[in-house]
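> build the 3D model from these lines:
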Amino acid sequence: MFQIGSIVIHPSAGVCNIEDIREEKLTERKRTYYIMHPLSDNKATTIYVPVDTDKVHLRKLMGKDEIISIIRHSATEKIEWIDNTNLRKAAYSAILRGDDTSRIIALITVLHTRKARATEAGRKFSAFDEKILHDAEKKIHQEFSHALSMQEEEIPKFIITQLQKIE
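Numbering: from 1, shown residues only. The predicted model follows:
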């Protein structure tokens with residue numbers, strides 16, 4: 001169980017601060033909830049997550065050593081480009097919804113490679129692929145910047161540096 005003041009990762013909202021833990025009757029019965037705010041929206045959003053749920057997986061922030069290990073492991077992940085747009089949308093969206101940070105980094109790599117190829121060939125990168133890339137980078141950069149006390153803009157260079165160390 002997390003405590004008030006804990007910084008956690010919410011699967012869709014990203015880095016959140018648990019502001020309170022209290023009983024609420026939001027459905028037919030009273031339950032104990034984590035009341036949290038995403039750090040990215042200046043307390044504009046309040047999220048209620050039941051303490052006893054198994055539907056929303058909250059986790060603590062990773063530490064620096066864990067982040068470095070995950071970045072290096074991402075180089076071994078095999079995520080292939082899927083030519084069929086509908087299959088690609090389903091597969092890449094599932095990776096993004098998941099909690100496997102290593103696979104999300106590998107997905108970012110695949111999308112950047114494909115975007116560069118499209119640009120070199122004078123073609124457009126699809127809006128969907130651009131959105132997945134943006135959402136994946138936001139998810140990774142937000143957590144890593146908070147955990148490493150770095151600016152989000154510094155995270156891509158940090159990831160590239162860690163990947164170069166294994167080559």
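> biggest strand in the chain, by residue count?
If you go by DSSP state E, the chain has its longest strand at strand 14-24.
> name the helices or strands packed onto that one?
Helices and strands touching strand 14-24, as assessed by 3 or more Cβ pairs under 8 Å, 6 or more residues apart in numbering; DSSP states H and E, comprise strand 7-10, strand 31-38, helix 127-148. Placement of C-beta: from N, CA and C, glycine included.
> how far out from the middle of the chain is stretch 1-19?
Distance of stretch 1-19 from the chain centroid (Cα atoms, centre = their mean, to the nearest Å) equals 13 Å.
> could you export it as CSV, CA atoms only?
The C-alpha trace of stretch 1-19 is given here as CSV (Å, rounded to 0.1, in the frame of the first residue of the first chain):
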residue,chain,number,x,y,z
MET,A,1,0.0,0.0,0.0
PHE,A,2,1.2,3.5,-0.9
GLN,A,3,1.3,6.4,1.6
ILE,A,4,0.1,10.0,1.3
GLY,A,5,2.8,11.9,-0.6
SER,A,6,3.9,8.9,-2.6
ILE,A,7,4.8,9.5,-6.2
VAL,A,8,3.4,6.7,-8.4
ILE,A,9,2.9,5.8,-12.0
HIS,A,10,-0.7,5.5,-13.1
PRO,A,11,-1.1,3.5,-16.3
SER,A,12,-2.8,6.3,-18.3
ALA,A,13,-2.2,9.5,-16.3
GLY,A,14,1.6,9.0,-15.8
VAL,A,15,3.4,10.4,-12.8
CYS,A,16,1.0,11.2,-10.0
ASN,A,17,1.2,12.3,-6.4
ILE,A,18,-1.1,10.6,-3.9
GLU,A,19,-2.6,13.5,-2.0
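> which residues touch it?
Residues outside stretch 1-19 that contact it (Cβ atoms under 8 Å, 6 or more residues apart in numbering) are 20-21, 34-40, 45, 47, 49, 51, 56-61, 97, 99, 138-139, 142-143, 146.
> and the residue most central in space within the chain, how far from Pro11?
In the chain, the centroid-proximal residue (Cα atoms, centre = their mean) is Lys139; its distance is 3.0 Å. Distance of Lys139 to Pro11, given as Cβ to Cβ, to the nearest Å: 9 Å.
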